[in-house]
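Novice: got a predicted structure here, sequence first:
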Amino acid sequence: MSETTSITPTRPYMVRALYQWIEDNALTPYLMVDATADNLQIPTEHVQDGRIVLNIASRATGNMSMKNDYIHFSARFGGVSQDIWVPLTAVLGIYAKENSQGMFFDPNEYDDYVPEEDAVASSSSKTKVATPKPKRDNKAGLKVLK
């Protein structure tokens with residue numbers, strides 16, 4: 001074991017829980033995202049003041065995947081289907097459109113967080129695990145780099 005232990009951020013768990021609560025109550029979940037973050041794949045024409053608000057309702061998205069590192073789904077913008085990739089570090093908040101109930105997150109939550117895969121990868125020169133990045137071929141996954 002390493003001397004320093006990094007606690008998993010609560011953001012991915014809270015996003016999933018609030019998403020479920022909002023959907024269970026027949027409300028519309030909106031995700032506010034920092035559009036200036038790295039590794040985003042979003043429709044940039046809808047960015048305002050460095051942020052974008054995305055409707056992530058199950059009826060408005062396809063192939064939704066909420067992992068601990070990212071959220072991925074397809075959605076239509078101006079009638080054109082697009083793949084959306086949002087790293088959890090870029091999620092500013094999740095709330096219901098109808099009543100604004102939800103949660104906004106501490107922007108510094110990830111400042112000292114080192115994912116276990118990164119810690120293992122940096123201590124081993126043999127194998128490194130890459131963070132999933134936006135892909136244009138609709139196939140999400142991890143790559144093992146050597």
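Specialist: Happy to help now that I have it.
Novice: give me the element the closest residue to Ala60 other than its chain neighbours is part of.
Specialist: Take Ala60 and drop its neighbours on the chain: the residue closest to it by Cβ to Cβ, 6 or more residues apart in numbering is Ala75, 6.1 Å away. Bear in mind the C-beta positions are built from the backbone N, C-alpha and C, glycine included. Assigned by DSSP states H and E, Ala75 belongs to strand 70-77.
Novice: ok so, going back, look up which residues are beta-bridged to the residue nearest to Ala60.
Specialist: Assessed by DSSP bridges, Ala75 has beta-bridge partners Thr61, Gln82.
Novice: ok, it - how many residues close by?
Specialist: Number of residues near Ala75 (other Cβ atoms under 10 Å) recorded here: 20.
Novice: same question, Glu98
Specialist: Glu98 has 12 neighbours, counted by other Cβ under 10 Å.
Novice: didn't Asn68 look like it was pressed against Leu88?
Specialist: Yes: using Cβ atoms under 8 Å, Asn68 is in contact with Leu88, at 6.8 Å.
Novice: joint contacts of the two?
Specialist: Residues touching both Asn68 and Leu88 by Cβ atoms under 8 Å, 6 or more residues apart in numbering: Pro12.
Novice: comparing those two, which shows the higher neighbour count?
Specialist: Per other Cβ under 10 Å, whichever of Asn68 and Leu88 has more neighbours is Leu88, with 19 against 13.
Novice: for that one, give its distance to Phe105.
Specialist: According to Cβ to Cβ, to the nearest Å, Leu88 and Phe105 sit 9 Å apart.
Novice: and for these two, which residues touch both?
Specialist: Residues touching both Leu88 and Phe105 (Cβ under 8 Å, 6+ apart): Arg11.
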